[in-house]
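[1] Need coordinates for the below:
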Amino acid sequence: MSYQLYEIDISFPYEALRVFIPVTGALLAFIIFWFSWQSPKLKSRLIAKNGHDLGWAKLVIYTKILGGLSMGLLPALAYLIAFPETKLQDFGWALPATTRLATLLWILGLGALMVFLVQFNAKKPENLKQYPQIRANRWTPGMVQGSLLGWTIYLLGYEALFRGVLLFPLVDAIGLWPAIAVNIGLYSATHIPKGPKETIGAMPFSVVLCLLSVLTGNIWIAAMVHVCMAWTSVLISLKHHPEMEIVRS
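    Numbers count the residues shown, from 1 in each chain. Below is the predicted model:
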């Protein structure tokens, strides 16, 4: 029996970076967020220093901000270094004048629909087991504001990655539907820890947001709708959680 391998081309074409950098950059950025959020040392240190409620708040807020910045900036910076001719509108970060009205109408319409749907789900016992993510019993107004701010920064970075760096460059490199397929796979995978319902639901939601982003040439429908959903989930789940209350200080 002879030792034999198939011949493959392992050269790395420059154009392959248009796919390689966004995909690997997304993975690395999410790893930074996820293992910070899941760090038992960071959690125990913050709770030991600040107490249970404030410690939980700082853990969630800090890691949300870290995740938003890492996902929103690191893959984009890597892409800009590799392709210095790239402009922000190539990531969908700009707001084209020709689609501003359509973008606004979609934000208002889809945002209202998703807020309507989320408020019903947010009250359910299975949802209250993991939301709001700050597992504090007594919330101060500052904690509520910090939670909303953390989610905003996180989701702006999240959408700058998924509907920006992971979509527009890939559409140019491999086509619309292959790029959406990559987006669906990675986006849904990030929801696996939240259970099958959110993981499966993320698939059609990703398709809709990707198509709207490409049609309008920007990420702002996805970003604003996602922020509206997160704010609704936080406020409604906090209101209906039997073990949580908002206090003055």
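
[2] what's the closest non-adjacent residue to Leu17?
    Of all residues not flanking Leu17 in the chain, Ala82 sits nearest, at 5.1 Å (Cβ to Cβ, 6 or more residues apart in numbering). Using the backbone N, CA and C atoms, a C-beta is placed for each residue, glycine as well.

[3] in terms of contact, does the one you found touch Ile21 like I think?
    Yes - between Ala82 and Ile21 there is a contact at 5.7 Å, judged by Cβ atoms under 8 Å.

[4] Name the residue in the two with the higher neighbour count.
    Neighbour totals were compared for Ala82 and Ile21, and Ile21 leads with 20 against 13 (other Cβ atoms under 10 Å).

[5] Tell me which residues of the least confident helix or strand in the chain by mean pLDDT come out buried.
    The helix or strand of the chain with the poorest confidence is helix 125-128; it has a mean of 91 (mean pLDDT, DSSP states H and E). Judged by neighbour count (16 or more other Cβ atoms under 10 Å), helix 125-128 contains these buried residues: Asn127, Leu128.

[6] just checking, what packs against that helix?
    helix 220-240 (3 or more Cβ pairs under 8 Å, 6 or more residues apart in numbering; DSSP states H and E).

[7] what comes up buried for the helix it packs on?
    The neighbour-count check on helix 220-240 (16+ other Cβ under 10 Å) flags 220-238 as buried.

[8] Any idea how far that helix is from the middle of the chain?
    Its chain's C-alpha centre and that of helix 220-240 lie 12 Å apart, by Cα atoms, centre = their mean, to the nearest Å.

[9] Just give me how far the helix ranked longest in the chain sits from the chain centre.
    In the chain, assigned by DSSP state H, the helix with the most residues is helix 52-82. With Cα atoms, centre = their mean as the basis, helix 52-82 stands 10 Å off its chain's centre.

[10] Pick out the residue nearest the middle of this structure.
    Tyr158 (3.1 Å; Cα atoms, centre = their mean).

[11] Tell me who's in contact with it.
    Gly67, Gly68, Met71, Gly72, His226 (Cβ atoms under 8 Å, 6 or more residues apart in numbering).

[12] and those residues, which are buried?
    Buried, going by 16+ other Cβ under 10 Å: Gly67, Gly68, Met71, Gly72, His226, out of these.

[13] Reformat those as TSV; add pLDDT.
    Output for these, formatted as TSV (pLDDT from 0 to 100):
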residue	pLDDT
Gly67	96
Gly68	96
Met71	96
Gly72	94
His226	96
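
[14] and which of these is nearest to Arg100?
    Of all these, Arg100 sits closest to His226, with 19.2 Å by Cβ to Cβ.

[15] With adjacent residues omitted, what lies nearest to that closest one?
    His226 sits nearest to Leu155 (Cβ to Cβ, 6+ apart), 4.6 Å away.

[16] And the next helix or strand past the host helix or strand of the one you found?
    For Leu155, the element it lies in under DSSP states H and E is helix 141-160. Note on helix 141-160: by DSSP H and E, the next helix or strand toward the C-terminus is helix 168-174.

[17] That next one: how far from the chain's middle?
    For helix 168-174, the distance to the chain centre is 20 Å (Cα atoms, centre = their mean).

[18] what sits up against that helix?
    15, 18-19, 22, 79, 86, 90-92, 178-179, 182-183, 213-214.

[19] Mind listing what's buried along it?
    Buried-residue list, helix 168-174, by 16+ other Cβ under 10 Å: Phe168, Pro169, Leu170, Val171, Ala173.

[20] isn't Ala179 right next to Val165, touching?
    No - using Cβ under 8 Å as the test, Ala179 is too far from Val165 to be in contact (11.3 Å).

[21] What separation do you get for the residue nearest to His226 and Gly67?
    Distance of Leu155 to Gly67, given as Cβ to Cβ, to the nearest Å: 10 Å.

[22] for Lys87, same thing?
    Lys87 is 25 Å from Gly67, where distance means Cβ to Cβ.
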